[in-house]
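Undergrad: need the 3D shape of this:
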Amino acid sequence: MVPFPEPARTDDLRLLLLTYLDFYRDVVAAKVRGLTPAQMSHSCVGSGWTPAGLVTHLAYMERRWLQWGFLGEQVEDPWGDGGRDGWVAPSADPATLLERLHREGRRTREIVLSHELTDLAATGGRFGTEQDTPQLQWILLHVLQEYARHAGHLDIARELADGSVGKAG
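TA: Numbering: from 1, shown residues only. Got it, this is the predicted structure:
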């Protein structure tokens with residue numbers, strides 16, 4: 001697990017943001033690793049989301065913002081997680097879901113390391129006009145807050161499922 005980035009000094013904001021993303025991606029992975037397939041597909045909250053649906057959402061969200069959004073690549077089914085209409089709960093096993101999550105994370109790292117934080121997103125993917133395109137740094141902060149928020153959701157789901165608490169499970 002990537003250690004939590006303790007307060008420090010850095011001239012490399014890009015690396016700091018990537019480290020935080022890696023940390024929260026690892027927290028998400030740790031939260032779901034101990035769940036059974038039944039627990040992954042069971043909702044313990046009134047809104048109906050499941051841990052499997054949340055992990056799927058995070059992988060799609062990261063791809064949606066970095067590949068389709070920032071790079072402007074045409075990606076198959078950018079809202080395949082259910083997007084704005086609620087998350088789908090796939091029947092894939094936890095290991096498959098986590099491999100996809102980490103694969104998207106590796107691609108994010110490649111993209112971020114080959115661009116400046118102040119670079120603007122391309123048009124043609126998620127963004128139709130240049131006026132709509134955010135900077136890479138804004139996208140990274142948005143993706144980071146999504147991970148942090150949903151890691152907290154998984155904290156609750158995991159505690160309700162089997163009593164485990166903390167970052168590691």
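Undergrad: now for the longest helix along the chain, which elements pack on it?
TA: Ranked by number of residues, the top helix in the chain under DSSP state H is helix 136-162. When contacts are defined as 3 or more CB pairs under 8 Å, 6 or more residues apart in numbering; DSSP states H and E, helix 136-162 sits against helix 13-33, helix 51-63, helix 94-113. For every residue, glycine as well, the C-beta is placed using N, CA and C.
Undergrad: can we see that at 10 Å?
TA: Secondary-structure packing of helix 136-162 (3 or more CB pairs under 10 Å, 6 or more residues apart in numbering; DSSP states H and E): helix 13-33, helix 37-40, helix 51-63, helix 94-113.
Undergrad: mean pLDDT lowest for which of those?
TA: Lowest mean pLDDT within those: helix 37-40, a mean of 89.
Undergrad: now do the buried residues in it.
TA: 39-40 (16 or more other CB atoms under 10 Å).
Undergrad: now do that helix: everything it contacts.
TA: For helix 37-40, contacts defined as CB atoms under 10 Å, 6 or more residues apart in numbering pick out 32, 50-55, 89-94, 97, 157-158, 160-162.
Undergrad: what subset of these is buried?
TA: Among these, the ones that count as buried by 16+ other CB under 10 Å are 32, 50-55, 89-90, 92, 94, 97, 157-158, 161.
Undergrad: show me the residue at the heart of the chain, geometrically.
TA: For the chain, the residue nearest the mean C-alpha position is Leu58 (3.5 Å; CA atoms, centre = their mean).
Undergrad: that one contacts His150, correct?
TA: Yes - using CB atoms under 10 Å, Leu58 is in contact with His150, at 6.0 Å.
Undergrad: contacting residues for the residue lying closest to His102 once chain neighbours are set aside?
TA: Distances taken as CB to CB, 6 or more residues apart in numbering place Arg25 nearest to His102, at 6.9 Å, with adjacent residues excluded. Applying CB under 10 Å, 6+ apart, we find Arg25 in contact with 1-2, 58-59, 62, 98, 101-102, 104-105, 108, 147, 151.
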